[in-house]
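Asker: the sequence and its predicted three-dimensional model are supplied below.
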Amino acid sequence: MSYKIPSDDEVSELVLKVMRVKRVVESQAQLLNEVLVHLQMRNPEYKLTGQRLRKLAMRIPEIHVEIRCKDTDILVDNMDTCPVCGSKMERVENMTLEGKKIVIGFKCTFCPYWTGRKLRVPIRYIFRLY
């Protein structure tokens, strides 16, 4: 079965259309379902993943994405790419009493995601229209 990929502009336009009606969408899956309905009315062969939808929604200035995370026991030594938006992560450092710098976590350079030395795993995304 063949499929087509909608343009970024088309997806962003439909995300805004859905958000203007809903104002708040409580999950990525719910937003994906709403946008897919509109996309497939335009072309039944259109497909869209939740990850692509989330990344495009985060780049729309009128939409705020709240990230809910779960703490784990996994220690993180290095993190280059944000698991939420794919942007670069930067190290968060602190100075010890002896004057040495230590890494205490990582934060995304684009979205609000951050993690300490123990990994925080995103479990829910809440989308709000401003």
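Answerer: Looks like it came in fine.
Asker: let me see the mean pLDDT of stretch 86-103.
Answerer: Average pLDDT, stretch 86-103: 96.
Asker: wait, what's in contact with Lys55?
Answerer: 85-86 (C-beta atoms under 8 Å, 6 or more residues apart in numbering). C-beta here means a position set from N, CA and C on the backbone, and glycine is covered the same way.
Asker: shouldn't it be within a strand?
Answerer: No - read with DSSP: H, G, I helix; E, B strand; the rest coil, Lys55 is helix and lies in no strand.
Asker: distance of it from Glu93?
Answerer: Lys55 sits 28 Å away from Glu93, going by C-beta to C-beta, to the nearest Å.
Asker: okay, strands next: where are they in the chain?
Answerer: Assigned by DSSP state E, the strands in the chain fall at 24-25, 63-75, 89-95, 101-108, 114-116, 118-129.
Asker: possible to save those strands as a markdown table with distance to Glu34 and mean neighbour count?
Answerer: Below are the strands of the chain laid out as a markdown table (distance: least, C-beta to C-beta, whole Å; neighbours: other C-beta atoms under 10 Å):
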| stretch | distance to Glu34 | mean neighbour count |
| --- | --- | --- |
| strand 24-25 | 7 | 18 |
| strand 63-75 | 13 | 13 |
| strand 89-95 | 30 | 13 |
| strand 101-108 | 26 | 15 |
| strand 114-116 | 28 | 18 |
| strand 118-129 | 10 | 16 |
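Asker: ok, which of those comes nearest Cys82?
Answerer: strand 101-108 (4.1 Å; C-beta to C-beta).
Asker: okay, now the sheet partners of that closest one, with direction.
Answerer: Using DSSP bridges, the strands paired with strand 101-108 are strand 89-95 (antiparallel), strand 114-116 (antiparallel).
Asker: adding distance to Leu39, write the ones you listed out as TSV.
Answerer: Formatted as TSV, these follow (distance: least, C-beta to C-beta, whole Å):
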stretch	distance to Leu39
strand 89-95	31
strand 114-116	32
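Asker: all set, thanks.
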